[in-house]
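*Asks:* Here is a sequence together with a model predicted from it:
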Amino acid sequence: MAVTGNTISDTGRSDTGPDHTSPAERFAPGTFSIAAQDPETGAFGVAVSTALVGVGALCPFVSENAAVATQSYVNVSHGRNAVELADRGVSVSTACEALLADDPHDTYRQLHGVTAEDSFRYTGADCVDWAGDSAGDDYTVAGNMLDGADVIDAVSSGYADADGGFADRLIAALEAGQAAGGDKRGKISAALLIAGPEPKLYHNLRVDNSDEPISELREAYDLAVETEEELPAVAEDQLGEYPDAIVDFGLKR
């Protein structure tokens, strides 16, 4: 469900000069993300961006059966436990509702995700304004401490209207959200995490500290695609005959 939280002052990086406050003083979680299943391959993925360092270490969780994003005042166990329960056959809505019911601070949380059977989205009443969520076919979107509801709408339409493969569309969703205003404090990190039947080099990408994290995530994706396409020829040039398995990437999650 979508619930608007309370408004607080903007503690992000200044537009007029360097921000000399400490990370702890600036801390006020704000994020926008999309969790989705690719209808063509069945892969699950999360793309996320925020104005905190290292969002890829906190928010996105995926498995062969689910994609979940935990954000606002993050509880990483909610993401981890939700996908583990989905792997055991529990619906994502049942899993997330149970996890939030046992959380004494659930009103500060934002949690959303999808499985092949259902989806779930929750925005606690104490999430920082503007906060809310939405859903479409095979995906959910949520954000908090945003410029406004237009960001969520843009992420959704950016994904739905994008061409290209699954990873490309997830990054396009972030690009659209940022163009609509994004996190109202600014931008620092972004991440893409996918679990698919055929793991790819670009299924696990992170930009942890950047003035343009989504742009750099796009650059990393493009380079990863190019690298994976060219690696067999490079290996053949370097090694001559070689086992195909040595250029067959696994997926670290």
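*Replies:* Cool, got the structure.
*Asks:* for this protein, longest helix please?
*Replies:* Determined from DSSP state H, the single longest helix within the chain is helix 213-239.
*Asks:* Could you check the pLDDT of residue 219?
*Replies:* Residue 219 carries a pLDDT value of 98.
*Asks:* tally of neighbours for it?
*Replies:* Counted with other C-beta atoms under 10 Å, the burial measure for residue 219 works out to 13 neighbours. (Glycine included, C-beta is placed from N, CA and C.)
*Asks:* Please apply the same query to the one 3 residues further on.
*Replies:* Applying the criterion other C-beta under 10 Å, we find 13 residues in the vicinity of residue 222.
*Asks:* That one and residue 155, how far apart?
*Replies:* 20 Å (C-beta to C-beta, to the nearest Å).
*Asks:* and if you look at residue 190?
*Replies:* In terms of C-beta to C-beta, residue 190 sits 13 Å off from residue 155.
*Asks:* Can you pull the residues that touch both of those two?
*Replies:* residue 174 (C-beta atoms under 8 Å, 6 or more residues apart in numbering).
*Asks:* So residue 110 sits against residue 127, correct?
*Replies:* Yes: counting by C-beta atoms under 8 Å, residue 110 touches residue 127, with 5.5 Å between them.
*Asks:* Between these two, which contacts overlap?
*Replies:* Contact criterion C-beta under 8 Å, 6+ apart; residues shared by residue 110 and residue 127: 72, 144.
*Asks:* Which secondary structure element is home to residue 34?
*Replies:* Using DSSP states H and E, residue 34 falls within strand 31-37.
*Asks:* strand partners of that strand, parallel vs antiparallel please.
*Replies:* Partner strands for strand 31-37, per DSSP bridges, with pairing direction: strand 44-50 (antiparallel), strand 139-144 (antiparallel).
*Asks:* hang on, the earlier thing: what's the angle from the longest helix of the chain to strand 44-50?
*Replies:* Put simply, helix 213-239 runs at 130 degrees to strand 44-50, going by axes from the mean of the first three to the mean of the last three C-alpha atoms, to 10 degrees.
*Asks:* Tell me how far residue 126 lies from residue 226.
*Replies:* When distance is defined by C-beta to C-beta, residue 126 is 44 Å away from residue 226.
*Asks:* if I pick residue 59, what's in contact with it?
*Replies:* Applying C-beta under 8 Å, 6+ apart to residue 59 gives the contacts 31, 33, 46, 48, 50, 69-71, 74, 79, 191.
*Asks:* actually residue 31, sorry about that
*Replies:* Listed by C-beta under 8 Å, 6+ apart, the contact set of residue 31 reads 48-50, 52, 55, 59, 69, 71-72, 110, 142-145, 183.
*Asks:* mind redoing it with 6 Å?
*Replies:* When contacts are counted by C-beta atoms under 6 Å, 6 or more residues apart in numbering, residue 31 touches 50, 71.
*Asks:* Could you measure from it over to residue 162?
*Replies:* As judged by C-beta to C-beta, residue 31 and residue 162 stand 20 Å apart.
*Asks:* dump the residue contacts of residue 208.
*Replies:* Neighbouring residues of residue 208 by C-beta under 6 Å, 6+ apart: 53-54, 189.
*Asks:* can you give me the helices in the protein?
*Replies:* Counting by DSSP H, the chain has helices at residues 23-26, 76-87, 92-101, 149-161, 166-179, 213-239.
*Asks:* Most tightly packed of the ones you listed?
*Replies:* With neighbours defined as mean count of other C-beta atoms under 10 Å, the helices of the chain peak in mean count at helix 166-179, which reaches a mean of 24.
*Asks:* can you give me the angle it makes with strand 139-144?
*Replies:* Using the same axes, to 10 degrees: helix 166-179 against strand 139-144 is 30 degrees.
*Asks:* helices or strands next to helix 166-179 in the packing?
*Replies:* Secondary-structure packing of helix 166-179 (3 or more C-beta pairs under 6 Å, 6 or more residues apart in numbering; DSSP states H and E): strand 44-50, helix 149-161, helix 213-239.
*Asks:* what comes into contact with that helix?
*Replies:* 32, 34, 38, 43, 45, 47, 49, 151, 154-155, 158-159, 162, 192, 202, 214, 218, 221.
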